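>>> Below: sequence and its predicted model.
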Amino acid sequence: MVQAAKELIDNQDIGHNIIIGESFENPALKTFWNYIESVALDTPLEDESSDDEDTKMNVEEILDVVGDKISAFKATIPESDFEPKVSTKRKAEVEYVPDETGIDWLREYEMNSFDELRVQELKAYLRSYGEKISGRKGELIERIKRHIRGR
């Protein structure tokens, strides 16, 4: 297996004069930079051009060159490693319980007054949205804040 992996790696040739990051542009970074520039300068976003073909992967060409090495490497891997690992653990059913505390949670969030509430009330909110209810009071408060911000 190690020998097959070495042969696969040795067959990689990106050229001796190529400096990654300098010899060709990264299209994703170029797109991101164009976006940042347009926002910063309040200019329209430039049209994406298709001249970034030099960084796109040509699968057929790769398989023509190293397909036999890939097959040889795959042949050294035991069949059991190809089978997906299936978890036997079952997730607990989420129990949604209506919040009957009468608390205005958005107001509490805006006033940042969760510390004044009891743990039982905090858990009632979390239960009503099927969120995790274990942890210390500070953790419950952070979980509620995250949930409200995400709505």
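That came in fine, so what should we check first? Numbers count the residues shown, from 1 in each chain.

>>> what's next to stretch 142-151, contact-wise?
Applying CB atoms under 8 Å, 6 or more residues apart in numbering, the contact partners of stretch 142-151 are 105, 106, 109, 114, 122, 125, 126, 129, 131, 132, 135. Just so you know, the C-beta spots here come from the backbone N, C-alpha and C atoms, and that holds for glycine as well.

>>> from the residues you listed, which would you call buried?
Neighbour-count burial (16 or more other CB atoms under 10 Å) applied to the contacts of stretch 142-151 gives 105, 114, 122, 125, 126, 131.

>>> Out of the residues you listed, which comes closest to residue 78?
Each of the buried ones among the contacts of stretch 142-151 was checked against residue 78 using CB to CB; the closest is residue 131, at 41.7 Å.

>>> Check the buried ones among the contacts of stretch 142-151 and tell me the two furthest apart.
Applying CB to CB across those, the maximum distance is between 114 and 131, 14.2 Å.

>>> buried ones in stretch 138-151?
Burial within stretch 138-151, assessed by neighbour count using 16+ other CB under 10 Å, is assigned to 140, 141, 143, 144.

>>> Pass me the low-pLDDT residue ranges in the chain, would you?
11-25, 47-57, 80-92, 94 (pLDDT under 70).

>>> Recalculate using a threshold of 80.
1-2, 4-33, 45-59, 62, 65-66, 77-96, 151 (pLDDT under 80).

>>> Three-state assignment for the residue of it most remote from its centre, please.
The centre of the chain is farthest from one residue, residue 102, which by CA atoms, centre = their mean lies 37.0 Å away. Secondary structure assignment for residue 102 (DSSP: H, G, I helix; E, B strand; the rest coil): coil.
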